[in-house]
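[1] Curious how this folds, go ahead:
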Amino acid sequence: MNKRARTTAAITTAAITLSVAGCGITTATPAASPSSTGHKQYSIAFVPKLVGIPYFSAMDQGGQAAAKKFGARWIYEGPTTASVSGQAEYVRSLIQQHVSAVGVSANSPTALDPLIKQAVNNHIMFYASDSNVSSPYNQLWVEQTRSQALGYDVVDIAAREMHDSGELAIISAGPTATNLNTWIAYMKQRLKKYPNIQLLPIQYAGESITGAEQIATRMIAAYPNLKGFIGVATTIPPGEAQAVVNAGKQGKIIVTGVSDPNSVRQYLTSGVIKNVVLWNPINLGYLTVWGVLQKLEHHPFHTWNNVPGLGKVEYFPSRKMLLLGPPLIINKANDNLNF
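    All right, here's what the predicted structure looks like:
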């Protein structure tokens, strides 16, 4: 097993500022000691698709902040590549450690089914955040934004920048990731609104900027009429953008998709990328810890929940889902966001 990248809930600052997704509001979140919360200290573990990329590091930051505020122990660890088997290995280990709750951003909707059942049978809460699982034993799903809204927004941006016509390439990360495939399905649905845009065969680069750059480079060579790239995962648009720069196609091939400001800032500055879509992953990690604690302490969710430090958050009981909020369009106007 690779040496785990582990972060526990330890914050050195007295206050943490969280930027509310999609609205630019900030609230100061004061630190709180575990003894001030009046409950036992639960251990909440989260296994991302992989560690070492800015997006999941931002989720970790939010998880740490919430754990500090609400008096929980936060455990963040996972594989260094987006591996289904690697993720399972970490989940299995955490179950053996008898944590209070274990959750994932799933690399596969079904691969963890036996482990999810094992966790619940051992009185360990299982949850998903960022990318869901299909198991009926899953007890909470924290969704970053409405999938349809995100898919539609990305396609509308691409269509506008392509002037509603031309060949469009979608490069995704993993072919089995629940969230990515859901977004792509909505992107295809939205593309029916733009009959003069031709979608090329979808490609997969893993969670790799270099992989995305290599695939985009091959596609630029193979499709001389290519006018646009969509990247589905935060690591993909920067790779696509670099391929466009290498080919000298700035202004001729547009790049958009799902990414974070830290990953694409240089391309927003140069104009190779004008817009990408995301949400605030710091807030997503924060909401995840808050939601898991509500379940562990048997506090029922309401249709609208007042989350300290975030504000109102909607809950959908039929899906066991907390929804962070609407998509966030990132461009030069707000690329100073630090995640």
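[2] Could you measure from the residue located most distally from the centre of the chain over to residue 247?
    Ranked by distance from the centre of the chain (C-alpha atoms, centre = their mean), the top residue is residue 224, with 32.4 Å. Separation of residue 224 from residue 247 (C-beta to C-beta, to the nearest Å): 11 Å. Quick note: C-beta positions are derived from backbone N, CA and C, even for glycine.
[3] just residue 102 next, same as before
    With C-beta to C-beta as the criterion, residue 102 and residue 247 are 44 Å apart.
[4] So these two - more neighbours on which side?
    Taking neighbours as other C-beta atoms under 10 Å, residue 102 and residue 247 compare with residue 102 leading, 27 against 15.
[5] Backbone dihedrals for the more buried one, please?
    For residue 102, the backbone dihedrals (degrees, to the nearest 10) come out as phi -130, psi 140.
[6] Quick check: it touching residue 74?
    No - in terms of C-beta atoms under 8 Å, residue 102 does not count as a neighbour of residue 74; the distance is 12.0 Å.
[7] List the residues that contact residue 317.
    residue 301 (C-beta atoms under 8 Å, 6 or more residues apart in numbering).
[8] I meant residue 228, not that one.
    Contacts of residue 228 by C-beta under 8 Å, 6+ apart are 158, 161, 162, 166, 167, 168, 169, 197, 253, 254, 255, 256.
[9] which among those end up buried?
    Neighbour counting with 16 or more other C-beta atoms under 10 Å marks 158, 161, 162, 166, 167, 168, 169, 197, 253, 254, 255, 256 as buried within the contacts of residue 228.
[10] Find me the pLDDT at the third one, would you?
    Looking back up the chat, that one is residue 162. Looking at residue 162, its pLDDT stands at 98.
[11] any idea how far residue 200 is from it?
    Applying C-beta to C-beta to residue 162 and residue 200 gives a distance of 13 Å.
[12] Kindly report the same for the first one.
    When C-beta to C-beta is applied, the distance between residue 158 and residue 200 equals 13 Å.
[13] just the helices in the protein please.
    54-70, 84-96, 113-121, 147-161, 178-191, 209-222, 236-246, 261-270, 281-296 (DSSP state H).
[14] Tell me which of those helices lies nearest to residue 106.
    helix 178-191 (5.5 Å; C-beta to C-beta).
[15] who's in contact with the closest one?
    Here helix 178-191 has contacts from 105-106, 108-109, 130-134, 144, 147-148, 150-152, 154-156, 168, 170, 172-175, 197, 199, 202, 230, 232-233, 258, using C-beta under 8 Å, 6+ apart.
[16] again, only this time at 6 Å
    106, 109, 131-132, 147-148, 150-152, 155, 172-173, 199, 232 (C-beta atoms under 6 Å, 6 or more residues apart in numbering).
[17] quick check, nearest of those residues to residue 321?
    Proximity of those to residue 321 (C-beta to C-beta) peaks at residue 132, which lies at 8.5 Å.
[18] Student question: in this structure, what's the helix or strand with minimum average pLDDT?
    When the helices and strands of the chain are scored by mean pLDDT, DSSP states H and E, strand 26-30 comes last with a mean of 32.
[19] Relative to residue 258, how far out is the residue nearest to the spatial centre of the chain?
    Nearest to the mean C-alpha position of the chain, by C-alpha atoms, centre = their mean, lies residue 130 at 4.6 Å. Distance of residue 130 to residue 258, given as C-beta to C-beta: 11 Å.
[20] With residue 180 instead?
    For residue 180 relative to residue 258 (C-beta to C-beta), the value is 8 Å.
[21] before we move on, what about residue 73?
    Residue 73 is 31 Å from residue 258, by C-beta to C-beta.
[22] So for those two, which residue has more residues nearby?
    residue 258 (29 against 16).
[23] Show me what the more buried one bridges to in the sheet.
    When assigned by DSSP bridges, residue 258 has beta-bridge partners residue 232, residue 277.
[24] What pLDDT is listed against it?
    98.
[25] tell me, how many neighbours does residue 259 end up with?
    29.
[26] Identify the residues contacting it.
    With C-beta under 6 Å, 6+ apart, residue 259 has these contacts: 234, 237, 276.
[27] I figured the first one was touching residue 57, is that so?
    The one in question is residue 234. No - in this structure, residue 234 is not within contact of residue 57 by C-beta atoms under 6 Å, at 10.8 Å.
[28] The two: who's more crowded?
    Neighbours were counted for residue 234 and for residue 57 using other C-beta under 10 Å; residue 234 has more, 27 against 20.
[29] and that one, how far is that from residue 208?
    11 Å.
[30] And for residue 339?
    Relative to residue 208, and taking C-beta to C-beta, residue 339 is found at 20 Å.
[31] the more surrounded of the two?
    The neighbour comparison of residue 339 against residue 208 (other C-beta under 10 Å) goes to residue 339, with 23 against 19.
[32] Break this protein into its domains for me.
    15-144+280-325, 147-278 (automatic domain parsing).
[33] out of these, nearest to residue 332?
    Of all the domains of the chain, domain 147-278 sits nearest to residue 332, with 5.5 Å by C-beta to C-beta.
[34] how long is that closest one end to end?
    End-to-end distance of domain 147-278: 11 Å, with C-alpha to C-alpha, to the nearest Å as the criterion.
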